[in-house]
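Student: Need the 3D shape of this:
(4 chains)
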Protein chains: 2
Amino acid sequence: MAHILIAEDEKPINTLIRKNLMLVGHTCVSVFDGEAVFDEFEKHRFDLILLDIMMPKLDGFSVITKLQEDIPVIFITARGAVQDRVHGLKLGADDYIVKPFDMLELGARIDSVLRRAGKVAQRFSLGDVTVDLSGRQVFRDGVPQEFTPQEFLLIEALIQNRNIALSRDKLLDIAWGFDYGGDTRTVDVHIHNIRKKLGWEAVIKTVYKLGYRLEVEVQL
Amino acid sequence: MAHILIAEDEKPINTLIRKNLMLVGHTCVSVFDGEAVFDEFEKHRFDLILLDIMMPKLDGFSVITKLQEDIPVIFITARGAVQDRVHGLKLGADDYIVKPFDMLELGARIDSVLRRAGKVAQRFSLGDVTVDLSGRQVFRDGVPQEFTPQEFLLIEALIQNRNIALSRDKLLDIAWGFDYGGDTRTVDVHIHNIRKKLGWEAVIKTVYKLGYRLEVEVQL
DNA sequence: CGTGCTCTTAACAACATCATAACAACTGTA
DNA sequence: TACAGTTGTTATGATGTTGTTAAGAGCACG
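Tutor: Numbers count the residues shown, from 1 in each chain, chains lettered A, B, ... in the order given. As a prediction, this is how the structure comes out:
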């Protein structure tokens, strides 16, 4: 997963983003004004910046203009600022997201930008299980496991939103498609099959009255 | 691997290409207008140029016309500019690619152009089968196998993207060409023929509802 | 204008997958 | 504990996907 710099001056939002990104396996650094971005750049190499436009000392546009390194940028903009969006994309931003946003959406945009930039790790490992996302293969103790398309889409959704409790409806949206009209119990059957194939009875936690969560420990 | 000049004025695209090519082992130089191509040529010898058509100062067509050296060229064209493509190929381009493209496709085209230009010799072996990519020959137990052109293009695509699940559409793009309009089932028939000739029923895995994957080794 | 080769398409057989239903086991709550 | 609601588990047929074969369209070559 990626090393991400979060430049956002509203502290609660910054923290919220950081925690959520770390939950799904990224490592993060938070800064609260534009100038601090450059201080951090001297210390680490990042794979991605989340850049708020309205910030003290130096706004997001100035940051991206002054930025020497070439690194994917996602702008965070206030609602409705359409010309900001255009301006940002012209300056070389890879994507933008409008406040208030939902964490699932931010996660999806981050994955997509990283994938385009060729940065994303295409495999996920936990215990004796490895999931190769580009090869569409799942291994247990190095032995390939037979996964059906729907099972793979589902495990993919769980991995990309690890440690997040996903309702059956949300899982249907992500893995089946937004207009799927079928029974939510279908999810249960596929979860059962995945658990059985990978010995993941404890890893995929049931969230009573809600759905499921892929549980991976991580330090906040 | 090769030394590649990237002439593309859109900075983010130029950078994206450079990074991806360097990831797979090429060395690259980026320029952002047509005239700079000739400046770079005085400094180094390149194995390949990626040449955008629409560029400041001197467009891609003028560049290839003025070009003295004999060097493989891949044009980068905007979507739908069909006569540009024809014009480019007439002027001596070795290949073209349409924006927006994906890195898999660009990588495959670069490998193929370099091979045609005799810059890279390659062979691939697995079990009793050896594929001589530069010589366009396939051997089984040292015995040459009759491969039709289309079969060879397909096996080439699979080898260059081994362990990656490729959709039928993607295989059509890579092995047939970007604007092929035919039936995707055609792929199945050629896969069947290749499997039969090489005893690769298990090596070329079917990825249900998606396409095929050349499975080279069990990985962790 | 044939001949031989390659590629595409169509057709059908073989196969894999998935939603659903039906019932068992479990969970939380009064 | 009893209950109502929720989740686990299993089996099955309809549906959609892939394997396989063969016919013929298209093409290059003489």
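
Student: what about A:A36, is that helix, strand or coil?
Tutor: Taking DSSP: H, G, I helix; E, B strand; the rest coil as the rule, one finds A:A36 in the helix state.

Student: Quick check: beta-bridge partners of the nearest residue to it once chain neighbours are set aside?
Tutor: Nearest non-adjacent residue to A:A36, counting by C-beta to C-beta, 6 or more residues apart in numbering or on different chains: A:A7, 7.3 Å away. (Glycine included, C-beta is placed from N, CA and C.) Beta-bridge partners for A:A7, by DSSP bridges, are A:V31, A:L51.

Student: State the number of residues packed around A:A7.
Tutor: By other C-beta atoms under 10 Å in any protein chain shown, 26 other residues sit near A:A7.

Student: just A:G199 next, same as before
Tutor: For A:G199, using other C-beta under 10 Å, the count is 12.

Student: A:R140 is in contact with that one, correct?
Tutor: Yes. A:G199 is within contact range of A:R140, at 7.4 Å (criterion: C-beta atoms under 8 Å).

Student: which residues are in contact with both of those two?
Tutor: Counting by C-beta atoms under 8 Å, 6 or more residues apart in numbering or on different chains, the shared contacts of A:G199 and A:R140 are A:D128.

Student: bridging residues for A:F139?
Tutor: When assigned by DSSP bridges, A:F139 has beta-bridge partners A:T130, A:P144.

Student: Tell me, how many residues neighbour it?
Tutor: By other C-beta under 10 Å, the residues close to A:F139 number 20.

Student: Which residues of chain A lie near DNA strand D?
Tutor: A:185, A:188-189, A:191-192, A:195-196, A:201, A:206-211 (C-beta under 7 Å from any atom of the strand).

Student: Just the ones of those in strands?
Tutor: Assigned to strands by DSSP state E, the following of the residues of chain A next to DNA strand D qualify: A:T206, A:V207, A:G211.

Student: For PyMOL, write the selection for the buried entries among those residues.
Tutor: Buried residues among these (16 or more other C-beta atoms under 10 Å in any protein chain shown), as a PyMOL selection:
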select buried, chain A and resi 211
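
Student: Make TSV out of the ones in strands among the residues of chain A next to DNA strand D and add pLDDT.
Tutor: Formatted as TSV, these follow (pLDDT from 0 to 100):
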residue	pLDDT
A:T206	89
A:V207	87
A:G211	87
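
Student: List just the nearest of the ones in strands among the residues of chain A next to DNA strand D to A:I76.
Tutor: A:G211 (28.2 Å; C-beta to C-beta).

Student: helix or strand right after the lowest-mean-pLDDT helix or strand in chain A?
Tutor: Of all helical and strand segments in chain A, the minimum by mean pLDDT, DSSP states H and E falls on helix A:82-90, at a mean of 62. Toward the C-terminus, helix A:82-90 is succeeded by strand A:95-98 as the next helix or strand (DSSP states H and E).

Student: Show me what that next one pairs with in its sheet, parallel or antiparallel.
Tutor: According to DSSP bridges, strand A:95-98 has these partners: strand A:73-77 (parallel).

Student: ok now the strand it pairs with, how far from the chain's centre?
Tutor: Offset of strand A:73-77 from its chain centre (C-alpha atoms, centre = their mean, to the nearest Å): 15 Å.

Student: for stretch A:202-220, same thing?
Tutor: 16 Å.

Student: cool, and stretch A:146-163?
Tutor: Counting by C-alpha atoms, centre = their mean, stretch A:146-163 comes out at 14 Å from the chain centroid.

Student: Give me the average confidence score over that stretch.
Tutor: Across stretch A:146-163, pLDDT averages out at 89.
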